[in-house]
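Colleague: 3D model of this:
(one chain, ligands or ions: 1)
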Amino acid sequence: MQIFIDSADAAELKTLAQTGLVDGVTTNPSLVAKAGRDFFETLREICAAVPGPISAEVVAQDCETMIKEGLKLRAVAPNIVVKVPLTPEGLKACKYLEDNGHPTNVTLCFSAVQALMAAKAGATFVSPFIGRLDDNGQDGMELIREIRAIFDNYDYPTSILAASIRTAGHVRDAAIAGADCATIPPTVFKSLYKHVLTDMGLEAFLKDWKSTGQSIL
Ligand code: G3P
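Modeller: Reported below is the predicted structural model:
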């Protein structure tokens, strides 16, 4: 499964990219507002730091303006993916952009049939929002399973990008359910390495090694 980071904090992304485990980045208007910096400057820095797909979202509501915004975003760097909302206008923009060689990520997906529409529009990625469905009393992970089954039934090449991830458990379950990618907040990404037994085990090994009085180098 590919791991993307859900953030518009260019400095933090640069640090996380040094792990060698970051395959891409997703941003959205809320994350850009939180970062509090110029959108285009931020995107340039992120695209330089992470070689994989970097999603940048349009904010227009109509297809024509979405396409104009999308093309301007694409001009920032070759690894930009144009993020469009799962609306009729967004899907029209998705189809136009994909037909003209520009990858898209259809965002704000909350149902399997919405994902089917995104796949039919030729989206490179579709982003089902797991955490927000859970917050709404629904089962976000069930949506990933449904989309996986539909895409496999018809061999749709659209990648399932599990989004709105809140916990390491979400990452595990999305991987089991067959999501192609998960976009993960930095705090959750850092928690993926962690296990108390790893820390305790390492401490014991180092203590015992020291008692031998030996060195490897
Ligand atoms: O980037 C889209 C998605 O991951 C947003 O997540 O936490 O705002 O529901 P969240």
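Colleague: Enumerate every residue touching the residue sitting nearest the centre point of the chain.
Modeller: Central residue of the chain (CA atoms, centre = their mean): Thr183, 2.8 Å from the mean position. Each residue near Thr183 by CB atoms under 8 Å, 6 or more residues apart in numbering is listed here: 4-6, 24-26, 127, 161-163, 165. Every C-beta, even on glycine, is put in place using the N, C-alpha and C of the backbone.
Colleague: one more time with 10 Å
Modeller: Residues near Thr183 by CB atoms under 10 Å, 6 or more residues apart in numbering: 2-7, 23-28, 55, 105, 125, 127, 161-165, 174, 189.
Colleague: Any idea what it is bridged to?
Modeller: Counting by DSSP bridges, Thr183 forms beta bridges with Phe4.
Colleague: can you tell me how far it sits from the ligand?
Modeller: As for Thr183, its distance to the ligand is 5 Å (criterion: CB to the nearest ligand atom, to the nearest Å).
Colleague: again with Phe4
Modeller: Per CB to the nearest ligand atom, Phe4 is found 9 Å from the ligand.
Colleague: these two touch, right, that residue and Val188?
Modeller: No: between Phe4 and Val188 there is no contact under CB atoms under 10 Å: 11.7 Å.
Colleague: Give me the more crowded residue out of the two.
Modeller: More crowded of Phe4 and Val188, by other CB atoms under 10 Å: Phe4, with 27 against 19.
Colleague: the strands in this structure, which residues?
Modeller: Secondary structure of the chain by DSSP state E: the strands cover 2-6, 24-26, 54-57, 80-85, 104-109, 125-128, 159-162, 181-184.
Colleague: Parallel or antiparallel, which strands does the second one pair with?
Modeller: According to DSSP bridges, strand 24-26 has the following sheet partners: strand 2-6 (parallel), strand 54-57 (parallel).
Colleague: ranking the ones you listed by burial, who's on top?
Modeller: Mean neighbour count, computed with mean count of other CB atoms under 10 Å, is highest for strand 54-57 among the strands paired with strand 24-26, reaching a mean of 26.
Colleague: what's the closest non-adjacent residue to Met66?
Modeller: The shortest distance from Met66 to any non-neighbouring residue, by CB to CB, 6 or more residues apart in numbering, is to Ala93 (3.9 Å).
Colleague: for the one you found, what are its contacts?
Modeller: Going by CB under 10 Å, 6+ apart, Ala93 touches 58, 60, 62-70, 82, 84-85, 87, 102, 104, 106, 121.
Colleague: Equivalent analysis for Leu13, please.
Modeller: 5, 7, 22, 25, 27, 42, 45-46, 49-50, 54, 186 are the contacts of Leu13 under CB under 10 Å, 6+ apart.
Colleague: Distance check, it against Val22.
Modeller: Going from Leu13 to Val22 by CB to CB, to the nearest Å gives 8 Å.
Colleague: next one: Lys83
Modeller: 18 Å.
Colleague: quick one: buried residues of stretch 122-139?
Modeller: Neighbour-count burial for stretch 122-139, counted by 16 or more other CB atoms under 10 Å, picks out 122-131, 133-134.
Colleague: Take the residues you listed and lay them out in JSON lines including pLDDT and distance to the ligand.
Modeller: Below are these laid out as JSON lines (pLDDT from 0 to 100; distance: CB to the nearest ligand atom, whole Å):
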{"residue": "Gly122", "pLDDT": "98", "distance to the ligand": "21"}
{"residue": "Ala123", "pLDDT": "98", "distance to the ligand": "15"}
{"residue": "Thr124", "pLDDT": "98", "distance to the ligand": "16"}
{"residue": "Phe125", "pLDDT": "99", "distance to the ligand": "11"}
{"residue": "Val126", "pLDDT": "99", "distance to the ligand": "12"}
{"residue": "Ser127", "pLDDT": "98", "distance to the ligand": "6"}
{"residue": "Pro128", "pLDDT": "98", "distance to the ligand": "10"}
{"residue": "Phe129", "pLDDT": "98", "distance to the ligand": "6"}
{"residue": "Ile130", "pLDDT": "98", "distance to the ligand": "8"}
{"residue": "Gly131", "pLDDT": "98", "distance to the ligand": "5"}
{"residue": "Leu133", "pLDDT": "98", "distance to the ligand": "10"}
{"residue": "Asp134", "pLDDT": "97", "distance to the ligand": "10"}
